[in-house]
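A.B. asks: got a sequence here, can you build the structure:
(2 chains)
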Amino acid sequence: MTSFWPIYKREMFAFFVTPLAWVLIVVFLFTQGMHFYLLVDQFAHNAAELGGDETPLSAFFGNTVLLYMVLFVLVPPMTMRLFAEERRSGTIESLMTAPVSSAAVVLAKYAAALTTYVAMWLPTVLYLVILRRADPDGQLDWRAAASAYLGVLLVGAGYLAVGLCASALTRSQFLAMLFTALVLLTLFILGVGEFVTSDGTLLHDLCAHVSVWAHMNDFASGLVDSRHLVFYGTMIALPLFVATRAVDAWRWG
Amino acid sequence: MIRVSGLTKRYWSATGRAQVAVDDVSFEVGKGEVVGFLGPNGAGKSTTLRILAGFLGPTAGAVTIDGHDVVTDSFEARRSIGYMPEAVPLHPEMRVVEYLRFRAELKRVPRAGRRVRVEEAMTRAACIDVANQRIGHLSKGYRQRVGLADAIVARPPIVILDEPTAGLDPNQIRDVRQLVRDLGREHTVVLSTHILGEVEACATRVLLMHHGKLVAQGPTDEIRALRGGTTADLSVRGDAAIAATILRAVEGVVEVARVGADDAASDVAGLLDGQAHGYVQRLRVGFAAGATVEARALGVERCVAALVARGLGVREAHPSGGSLEDVFAALTREAPPPEGGA
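C.D. replies: Have a look, this model is predicted:
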């Protein structure tokens, strides 16, 4: 695992020395900024019409599709190059002939993507500061905010793991991106299925279980459900495991 | 240092048919040797080197690097090698010194000595003058040197270079060959090439591969002798029959054959009329098989002297043969020829 650190540093370098990470962060912050502005505006002018339970915070993280829509667009380009680019350019050959373990390579690349993801979200903490300033009476629930960020981290971590796995399975960055987007959209659409299937059926339960919409609603209202934790834990661990096996398998191709 | 026995690598092609890239190859490389893998493109050289480097796993057979099996003890085996892949893939967005520091850290060069090691490797590979340039902006020659610096940065006992001079211009090729010879003083070097002259210039021993099989191996001197061939080509102005008679009388010559008219030379002479005096003929002179390089050179000298003494003009005289194909032919005459192939 000593090889984790140098690979992690190089991946971070690759993210931030190329325009990719910056472009993604700008797009992300622009969208989220707009989103937040509209929400606050709405709450400021129509507070009376909105239900008492809703706060700008819960509306920002839950009860919205904008959050996932942005992730569908941003996660695949973040992860597509992780392995596919190195295999296409051949640098994977220098990497894998150094004394490194497959697990260290996978984890280092994953950690770099996750760090970039966190860096992307970090400026949104300012929104909380703004809300706090605007409402000094202290209605802002910090614990709900923490749980919402935990949700955001878990959803992102799961999506990135899927993306990394896709990148390890193909040499083509484009296919990796397409495959990742497809998996994420399928999960989302299954989640929508919660509303179109009838109560009590297996399909309904399944849809409700994988629904990122439902997960984020819970997280945004401060509810940390262990089922969600298990779901995202699986969604992180399984693709990473598959990716490690895929990296091992290249030797025998 | 390197022990390979019964190495076989099979690929599954897209059509589902197994393709044998390396077929039952066995050899050993001792400490301090510079060994050259020679063979045409697609002979299995790169695949063999990739298995030695631990990038691919063997389908069958055993490979040990410095006593470590490449499959069961891959980690330690990889610590003993510095490998430069074919076409030298590098990260274009990094600066040379950044890349080499990354590689040194990856190869467990202790932090304390890392800076010095990287500088030393850049100096030895003659790329220190581009240390702060982005790899993407480097010329092919410099990229190659960065690849070499990467291969030696951790001072591995074994250095493996896949086609180290491919795509370089003659000056760069000379530099890289010099570098490889220098490496040979401190490392065991294994390199691959499809150019005969390359192995002659760098290697002390040659392994000849063809269709995935090791068809022959031996010290470079033996290969060099074979490359010399046993024939020489002469372009003679004058009657071919008379020339042939003269040449047959020369000591050491066993046969003379008329190869054809030397149109290029005739054209220069402005005498394309076939029967005219001054017509340039190309003749091939065969010397006794087993003649040394020196003996043949002397033979060529005597041929020229005899022709000139009898009033015939010699436009050109040079040893012929010695292409890779000739060497293959010469070597495989002794070894059992590979079955079918492809």
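A.B. asks: how about the stretch 1-150 of chain B: which residue is closest to chain A?
C.D. replies: B:Pro89 (3.3 Å; C-beta to the nearest C-beta). Every residue, glycine included, has its C-beta placed from N, CA and C.
A.B. asks: show me what contacts that residue?
C.D. replies: A:Ser89, A:Gly90, A:Thr91, A:Ile92, A:Glu93, A:Ser94 (C-beta atoms under 8 Å, 6 or more residues apart in numbering or on different chains).
A.B. asks: how about it: what's its closest non-neighbour residue?
C.D. replies: A:Gly90 (3.3 Å; C-beta to C-beta, 6 or more residues apart in numbering or on different chains).
A.B. asks: next, count neighbours for the one you found.
C.D. replies: By other C-beta atoms under 10 Å in any protein chain shown, 15 other residues sit near A:Gly90.
A.B. asks: ok so, going back, what's the pLDDT at the residue of the stretch 1-150 of chain B closest to chain A?
C.D. replies: For B:Pro89, the pLDDT comes out at 93.
A.B. asks: got it, and B:Arg50?
C.D. replies: pLDDT at B:Arg50 comes out at 94.
A.B. asks: pretty sure it is touching B:Val63, no?
C.D. replies: No. Using C-beta atoms under 8 Å, B:Arg50 makes no contact with B:Val63, being 11.0 Å away.
A.B. asks: for A:Glu86, see how far away the residue of the stretch 1-150 of chain B closest to chain A is.
C.D. replies: Plainly put, B:Pro89 is 8 Å away from A:Glu86 if you go by C-beta to C-beta, to the nearest Å.
A.B. asks: and A:Pro19, how far is that from A:Val27?
C.D. replies: 12 Å.
A.B. asks: neighbour-wise, which of the two wins?
C.D. replies: More crowded of A:Pro19 and A:Val27, by other C-beta under 10 Å: A:Val27, with 15 against 9.
A.B. asks: apart from its chain neighbours, what residue comes closest to the more buried one?
C.D. replies: Per C-beta to C-beta, 6+ apart, closest to A:Val27 is A:Leu74, 7.0 Å.
A.B. asks: the one you found touches A:Val23, doesn't it?
C.D. replies: No. Using C-beta under 8 Å, A:Leu74 is not in contact with A:Val23, being 9.8 Å away.
A.B. asks: tell me which element the residue nearest to A:Val27 falls in.
C.D. replies: helix A:66-79 (DSSP states H and E).
A.B. asks: just the CA atoms of that helix, as PDB, please.
C.D. replies: Once non-C-alpha atoms are left out, helix A:66-79 reads as follows in PDB (Å, rounded to 0.1, in the frame of the first residue of the first chain):
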ATOM      1  CA  LEU A  66     -31.200  19.100 -10.000                       C
ATOM      2  CA  LEU A  67     -28.700  17.600  -7.600                       C
ATOM      3  CA  TYR A  68     -28.600  14.300  -9.400                       C
ATOM      4  CA  MET A  69     -28.900  15.700 -12.800                       C
ATOM      5  CA  VAL A  70     -25.700  17.600 -12.200                       C
ATOM      6  CA  LEU A  71     -24.000  14.500 -11.000                       C
ATOM      7  CA  PHE A  72     -25.100  12.500 -14.000                       C
ATOM      8  CA  VAL A  73     -23.300  15.000 -16.200                       C
ATOM      9  CA  LEU A  74     -20.200  15.500 -14.000                       C
ATOM     10  CA  VAL A  75     -19.300  12.100 -12.600                       C
ATOM     11  CA  PRO A  76     -18.800  10.200 -15.900                       C
ATOM     12  CA  PRO A  77     -16.200  12.700 -17.200                       C
ATOM     13  CA  MET A  78     -14.500  12.700 -13.900                       C
ATOM     14  CA  THR A  79     -13.900   9.000 -13.900                       C
END
